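[1] the amino acid sequence is not available; the structure is as follows:
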DNA sequence: TATGAATGAGGCTTCATTCAT
DNA sequence: CATGAATGAAGCCTCATTCAT
């Protein structure tokens, strides 16, 4: 057996890391950040506790990594939009995109909303989130501005709040919603 | 010499209970349910740890008491409204009332939203909340129905989600909002 | 209303004391010394915790009082016998008397055996009990001595042990015994 | 470098478990179940409190493990005997064996008798003990039956009670007994 | 790289006891 | 004499984190 190449090690590390993060995301979403234990996450990931600490310095670091990773995805989509959002069609796409995210990654958003209202847990992430929301809202406000709306900033805020609110409801009671219909209605309200 | 009268005891118990519940509400809202310690709550209430357990069986029982108490208030206002909500003016009052609640009892709602996404913590309360929201939405939907709206139920849902969303934003960044203006805009959007 | 006479006070004190001791005996026998709480005993006695401490300095003092009280009764019967135990009829009476005690006061003996093997709880009582048993055995040995038995002391010991053993079984499974028959058999074995 | 082999881990766990159980047995026997603290047991075992909980789920689970372990030993000896007990020599061996157990494992029996009369502590063990005693007595009764005794069952019961009684005395005052002589006398009484 | 035994701080809870009234 | 609110020490247990192998 020859020793693994440098490249292979990198690959292993990457896989392991993903493995652990997925397990952590599930655990956190399912049991909440505090109830979820490192032991449980390690077991779910099929990995020893010790190894987990090779990849993440602490439980909170693991959480932060998850949040950062999620926000990156989240941001990718939104930043790809915000500077060009000025036709109704784009607004429609934006709204659709937002809900698509929640539908595809409910665990992440479950974790996210769970953390959001827990002071003392990942304050950094909370601040980061705040800035992101603000920038999103600024982006949206441009749309309403070009549309000649009287209170573009507030309108954008309302749209953001509405989308978060619907997302919240959806996560709490996924079965009882026809998200598509709601999307359309939201679009009609704000277009 | 002689023991206190029954009445005096009742009074004492009532006062202490309030004292403890207020301290707990602050602690929970400030630090989150898990971070907040019984020791801290007791200290904040100016009371010994032991005494706290004379009034509440456990940390979770304390939480439940807080939630139940809050929901009662919450419910009072809303049930007083939901069966007669059929003029725009009443809708305006309803919206105003909702935000008034959050403005007056931000700690309670901070606690509430914090618990909402934490599985394993007070699942009972979460279910209770779910039912309450559903009944509210049903109440609201009557308004849109009488107005002849095409999708009254969904419209009601959107209004509920929007109010919760705005509430969430407000709790996360109280300073950056002109709630009154938002209230008016929401009314215009849904009246 | 004239104040109570001195005598009445004494009477009250005595009643209360009995009341508390009975409740304590039941609690201890039913739940064991450690599991039984002062609060529970007071409630069972229909008395406040504070009052209980007017009569007994501590939980252990209460236990000691119970044990002492029981031993007194116990001793009364046996000391009335031990110096005259030299006919078979008297032996029969002695055996009968022993079991009669257990039958009449099972709670006391339940408590007693429970304490007996718990070092650190009422060591005083345990020593006291040891002396009592020794003196009983010495008394019994006289019987076997006069009977010309080869090992009177050991014979007495065996009889004592047998009676305690049967008592133990009886307390653990009261229903499965014909105590009277056993009494006779014991008498036949040792007469 | 590399982790320990599975085998090594098994070995470690086994050793630690024994270590902890021995410490617990001593603590329980010496101080009684309730007085003995987890902290004390851990210290006696030379182990951290936390580690103890890696091996036993709770204080009561630790007690149960001890009792189960002891009963296994206990049972081994007695079941090896009960089906062939029909000559006086075997009876002698049986009696001898019983006392040998107590002499060799006084701590276990101290614990055992201590638990026996404590309702609410390990009720399971108490029931288990009851069954064991009953089966023993049934076994013994066969001996008296073959011997043509009038009340074999009761005779067996008496023998059992006597042995327990002597055991109890021995544990309470080990120094004052010539167990061997008592064994012989018991044999003479029941052979 | 990988393991899981081991640690220990800290949390919740119980309960004997005290004391103002 | 009588009450029960109040205290605080002490106990059980959890779990993030470390470390020898």
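    Arrived safely. The structure displayed is predicted, hence computed values, not measured ones.

[2] quick check, the lowest-mean-pLDDT helix or strand in chain A touching chain B?
    None of the helices or strands of chain A scores lower by mean pLDDT, DSSP states H and E than helix A:59-82, at a mean of 83. No. Helix A:59-82 lies out of reach of chain B by CB under 8 Å from any CB of the partner chain, never closer than 12.1 Å. (Glycine included, C-beta is placed from N, CA and C.)

[3] could you do stretch A:136-155 as well?
    Yes. Against chain B, stretch A:136-155 shows contacts by CB under 8 Å from any CB at A:151, A:154-155.

[4] make JSON lines from the residues you listed and add pLDDT, secondary structure and neighbour count to it.
    JSON lines is the format used below for the residues of stretch A:136-155 next to chain B (pLDDT from 0 to 100; DSSP: H, G, I helix; E, B strand; the rest coil; neighbours: other CB atoms under 10 Å in any protein chain shown):
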{"residue": "A:151", "pLDDT": "95", "secondary structure": "coil", "neighbour count": "17"}
{"residue": "A:154", "pLDDT": "96", "secondary structure": "helix", "neighbour count": "20"}
{"residue": "A:155", "pLDDT": "97", "secondary structure": "helix", "neighbour count": "22"}
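
[5] phi, psi of the residue of chain A found nearest chain D?
    Using CB to the nearest CB, residue A:48 is the residue of chain A that sits closest to chain D, at 7.9 Å. Main-chain dihedrals, residue A:48, degrees, to the nearest 10: phi -80, psi 160.

[6] give me the pLDDT for it.
    At residue A:48, the predicted lDDT confidence score is 97.

[7] chain A: helices as residue ranges?
    Secondary structure of chain A, counting by DSSP state H: helices at A:6-31, A:38-45, A:49-55, A:59-82, A:88-104, A:106-116, A:123-146, A:152-172, A:179-190.

[8] count the residues that sit near residue A:156.
    When neighbours are defined as other CB atoms under 10 Å in any protein chain shown, residue A:156 has 22 of them.

[9] the least confident helix or strand of chain A packs against which elements?
    Packed against helix A:59-82 by the contact rule (3 or more CB pairs under 8 Å, 6 or more residues apart in numbering or on different chains; DSSP states H and E) you find helix A:6-31, helix A:88-104, helix A:106-116, helix A:123-146.

[10] now chain A against chain C: closest residue?
    Closest point on chain A to chain C, by CB to the nearest CB, is residue A:35, at 30.7 Å.

[11] thinking that residue is in contact with residue B:120, fair?
    Yes. Between residue A:35 and residue B:120 there is a contact under CB atoms under 8 Å: 4.8 Å.

[12] OK, contacts around the most centrally placed residue in chain A?
    Taking CA atoms, centre = their mean, the centroid of chain A lies closest to residue A:70, which sits 4.6 Å from it. Residue A:70 sits next to A:105, A:108, A:111-112 when contact means CB atoms under 8 Å, 6 or more residues apart in numbering or on different chains.

[13] swap in residue A:124?
    Going by CB under 8 Å, 6+ apart, residue A:124 touches residue A:64.

[14] try residue A:178
    By CB under 8 Å, 6+ apart, the contact list for residue A:178 reads residue B:154.

[15] can you list the domain ranges for chain A.
    Per automatic domain parsing, the structural domains of chain A span A:1-56, A:60-190.

[16] ok, is the last one in contact with DNA strand F or not?
    Yes. Under the criterion of CB under 7 Å from any atom of the strand, domain A:60-190 makes contact with DNA strand F via residue A:60.

[17] and what of the first one?
    Yes. Residues of domain A:1-56 are located near DNA strand F by CB under 7 Å from any atom of the strand, namely A:35-39, A:49-50, A:53.

[18] low-confidence ranges, chain A, go.
    Residue ranges of chain A with pLDDT under 70: A:1-5, A:77-84.

[19] show me what from chain A comes close to chain D.
    residue A:48.

[20] so which residue of chain A comes closest to DNA strand E?
    Residue of chain A nearest DNA strand E, by CB to the nearest atom of the strand: residue A:50 (1.9 Å).

[21] closest to residue B:62 out of the contacts of residue A:70?
    Closest approach to residue B:62 among the contacts of residue A:70 (CB to CB): residue A:111, at 25.7 Å.

[22] if we can go back for a sec, now the residue nearest to the centre of chain A: how far from residue B:14?
    47 Å (CB to CB, to the nearest Å).

[23] ok, now residue A:177?
    Distance from residue A:177 to residue B:14, by CB to CB: 43 Å.

[24] ok, residue A:120 next?
    In this view, residue A:120 and residue B:14 are 31 Å apart by CB to CB.

[25] report how many residues lie close to residue A:108.
    21.

[26] that one contacts residue A:26, correct?
    No. Taking contacts as CB under 8 Å, residue A:108 lies outside contact range of residue A:26: 10.4 Å.

[27] sorry, back to before: what's the most buried one of the domains of chain A?
    domain A:60-190 (a mean of 18; mean count of other CB atoms under 10 Å in any protein chain shown).

[28] before we move on, the earlier item: what's the most distant pair in the residues of domain A:1-56 next to DNA strand F?
    Taking CB to CB, no two of the residues of domain A:1-56 next to DNA strand F sit farther apart than A:35 and A:50, at 22.2 Å.

[29] give me phi/psi at residue A:36?
    phi -70, psi 130.

[30] so who does it touch?
    Counted by CB under 8 Å, 6+ apart, residue A:36 has contacts A:24, A:27-28, A:30.
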